[in-house]
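Enquirer: Let's see this in three dimensions:
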Amino acid sequence: MKSFSVPADFKKETIDKYEKLNNSYKDSKVVETYGNITIKNLFESGRSVAELPKVDFSAFSDYVKYSKEKGIEFNYTLNPPHMNNKEFTHDGIIKIIMFLNELYDIGIRTLTIAMPPLIEIVRSLNLDFKIRASVISQIATPNKAIFYKNLGVDRIVVDEFITRDFNILKKIGKAVDGNIEIIANSICFRDCPYRIFHYNQIVGDSINVSSKASVNYYDHRCLLRRFMNIDDFLKLSWVRPEDLKYYMNIGINFFKIQGRGKAINGDPARVIECYFNESYDGDLLELLEFFNLSSSFHIPINNRWLDGYIKPFVENEKFCQHDCKNCNYCKNFISKFIDKNNVEEISTLAKTFFSEYDQFNRIMGNLNKKSDEEIQEIDASFNLD
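Expert: Numbers count the residues shown, from 1 in each chain. Here you go, the predicted model:
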């Protein structure tokens with residue numbers, strides 16, 4: 001049985017679609033949706049509020065009730081990598097406990113959490129919450145998995161960095177009795193140098209957005225990287241529907257679909273059905289982004305081109321050494337299918353756009369344009385004499 005956790009768009013008609021899919025497939029099921037309130041929210045999460053549906057506690061409670069009536073649970077995401085230290089204050093802990101009780105009263109029984117102190121707070125209560133360790137916890141080794149298991153976590157969403165490392169996935173699964181989950185449609189780069197900093201930026205914008213520059217900085221740079229080399233698309237951490245079987249063969253049956261922002265205007269039920277069927281014909285990025293592409297600059301990658309791509313990762317535990325400069329497997333694989341002239345044309349347009357219209361670049365450019373007199377005034381303001 002394949003079990004799926006999918007992002008909530010807070011639309012009852014989407015729940016109806018999931019119920020229909022659950023009744024139509026015997027070996028696959030949407031077991032839960034996940035997300036958090038965004039109106040009058042006091043607590044940080046793992047997504048910027050700019051990306052999420054506008055939902056207050058009343059509407060959220062109504063959605064949870066309807067969903068549970070349809071046999072689909074709700075997993076509340078309380079998963080920031082930091083909470084500005086409110087979790088270490090008396091008043092902060094009291095507010096967290098009060099909110100947890102409110103969630104429990106409306107039927108929430110599963111929480112996704114990243115931070116150890118927050119897990120300790122939850123486990124101190126006499127409430128039967130199940131805890132999912134967030135991908136933000138960056139669990140990529142058996143030792144770290146065991147730490148979270150001993151802390152009271154019921155299931156672990158493993159780091160996207162190891163999605164194609166089947167040897168380490170098997171070891172982590174053994175360490176935590178098979179209670180692991182992977183993100184199927186990740187569009188994050190493996191070995192991403194921005195990762196922890198991006199998470200921290202998201203937390204800063206998860207209650208109130210500080211600026212367009214903060215929202216766009218990391219997204220623009222990740223998009224830009226996709227256009228530096230076409231083979232970089234293969235280095236994203238996605239799992240094709242056809243490749244779920246390789247994960248099930250090593251005991252992984254829980255799959256998470258990410259994209260809370262994309263689910264609002266995309267087609268999450270269509271995405272889920274593709275993963276239920278373990279088959280998809282079309283552009284892979286469209287599937288990964290809920291048929292709601294984040295950029296008008298796009299190089300189509302036919303999913304069928306990638307048949308067999310993952311086999312070396314499955315069959316040889318030491319296949320990927322994270323040393324692309326001396327490997328070229330991805331580059332050689334995709335070069336058989338693409339039109340290089342078309343790629344270069346789109347890449348040039350994308351690089352120009354994301355460089356010139358990036359808000360951070362604009363701020364820096366405006367600073368560089370200041371006159372000598374303005375710079376002297378700024379410098380004088382820091383004069384300590």
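Enquirer: Isn't I131 up against M115?
Expert: No. Here I131 does not reach M115: they are 11.2 Å apart, not a contact under CB atoms under 8 Å. Bear in mind the C-beta positions are built from the backbone N, C-alpha and C, glycine included.
Enquirer: Look up how far G261 lies from the nearest residue to S295 once chain neighbours are set aside.
Expert: Nearest residue to S295, sequence neighbours excluded (CB to CB, 6 or more residues apart in numbering): L223, at 5.6 Å. Distance, L223 to G261, by CB to CB, to the nearest Å: 14 Å.
Enquirer: And S24, by the same measure?
Expert: Taking CB to CB as the measure, S24 falls 28 Å from G261.
Enquirer: So between those two, which is more surrounded?
Expert: A direct count of neighbours by other CB atoms under 10 Å for S24 and G261 places G261 higher, at 20 against 10.
Enquirer: shouldn't that one be in contact with E51?
Expert: Yes. If you go by CB under 8 Å, G261 and E51 touch, sitting 3.2 Å apart.
Enquirer: and stretch 356-370, how far from the chain's centre?
Expert: How far stretch 356-370 lies from its chain's middle: 29 Å, per CA atoms, centre = their mean, to the nearest Å.
Enquirer: mind listing what's buried in that stretch?
Expert: Applying a neighbour-count criterion of 16 or more other CB atoms under 10 Å, the buried positions in stretch 356-370 are 358, 360-361.
Enquirer: Please tabulate those residues in JSON lines, including the columns secondary structure and distance to F4.
Expert: Below are these laid out as JSON lines (DSSP: H, G, I helix; E, B strand; the rest coil; distance: CB to CB, whole Å):
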{"residue": "D358", "secondary structure": "coil", "distance to F4": "35"}
{"residue": "F360", "secondary structure": "helix", "distance to F4": "36"}
{"residue": "N361", "secondary structure": "helix", "distance to F4": "39"}
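Enquirer: Using TSV, lay out those residues together with distance to I299 and pLDDT.
Expert: Converted to TSV, the buried residues of stretch 356-370 look like this (distance: CB to CB, whole Å; pLDDT from 0 to 100):
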residue	distance to I299	pLDDT
D358	20	81
F360	24	83
N361	23	83
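Enquirer: Show me the strands in the protein, by range?
Expert: 2-7, 28-35, 73-78, 110-113, 130-133, 155-157, 180-183, 254-256 (DSSP state E).
Enquirer: Redo those strands as a markdown table? Include mean neighbour count.
Expert: A markdown table is the format used below for the strands of the chain (neighbours: other CB atoms under 10 Å):
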| stretch | mean neighbour count |
| --- | --- |
| strand 2-7 | 22 |
| strand 28-35 | 22 |
| strand 73-78 | 22 |
| strand 110-113 | 24 |
| strand 130-133 | 24 |
| strand 155-157 | 24 |
| strand 180-183 | 22 |
| strand 254-256 | 21 |
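Enquirer: For C192, find the nearest of these.
Expert: The closest of the strands of the chain to C192 is strand 180-183. By CB to CB, the value is 13.6 Å.
Enquirer: pLDDT of the closest one, averaged?
Expert: Mean per-residue pLDDT for strand 180-183: 98.
Enquirer: Show me what that strand pairs with in its sheet, parallel or antiparallel.
Expert: strand 155-157 (parallel), strand 254-256 (parallel) (DSSP bridges).
Enquirer: Keeping just the C-alphas, turn that strand into CSV.
Expert: Output of strand 180-183 as CSV, limited to C-alpha atoms (Å, rounded to 0.1, in the frame of the first residue of the first chain):
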residue,chain,number,x,y,z
ILE,A,180,10.4,6.8,7.1
GLU,A,181,8.9,9.0,4.4
ILE,A,182,10.3,10.6,1.3
ILE,A,183,9.3,13.7,-0.7
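Enquirer: Angles on the backbone of the spatially most central residue of the chain, please.
Expert: In the chain, the centroid-proximal residue (CA atoms, centre = their mean) is Q258; its distance is 4.9 Å. Reported as degrees, to the nearest 10, the phi and psi values for Q258 are phi -90, psi 170.
Enquirer: measure stretch 37-45 end to end?
Expert: For stretch 37-45, the separation between the terminal residues is 10 Å (CA to CA, to the nearest Å).
Enquirer: re earlier: closest to N150 out of the buried residues of stretch 356-370?
Expert: Nearest to N150 among these, with distances taken as CB to CB, is F360, at 41.0 Å.
Enquirer: if I look at the nearest residue to the closest one once chain neighbours are set aside, how far off is E356?
Expert: Using CB to CB, 6+ apart and skipping the chain neighbours, the partner closest in space to F360 is A213 (4.5 Å). Between A213 and E356 the computed distance is 14 Å (CB to CB).
Enquirer: where does the stretch 151-300 of the chain dip in pLDDT?
Expert: Residue ranges of the stretch 151-300 of the chain with pLDDT under 70: none are present.
Enquirer: try it again with 80
Expert: 210-212, 215, 226-228 (pLDDT under 80).
Enquirer: quick one: stretch 204-223 to chain centroid distance?
Expert: 15 Å.
Enquirer: what does stretch 95-109 give?
Expert: On CA atoms, centre = their mean, the centre of stretch 95-109 falls 24 Å from the chain's centre.
Enquirer: quick one: buried residues of it?
Expert: Residues of stretch 95-109 classed as buried: 96, 99-100, 103-104, 106, 108-109 (neighbour count, 16+ other CB under 10 Å).
Enquirer: Which residues are in contact with L125?
Expert: 97, 100-101 (CB atoms under 8 Å, 6 or more residues apart in numbering).
Enquirer: Local confidence estimate at it?
Expert: 97.
Enquirer: tell me the phi and psi of it?
Expert: phi -90, psi 160.
Enquirer: cool, Y25 as well?
Expert: phi -120, psi 130.
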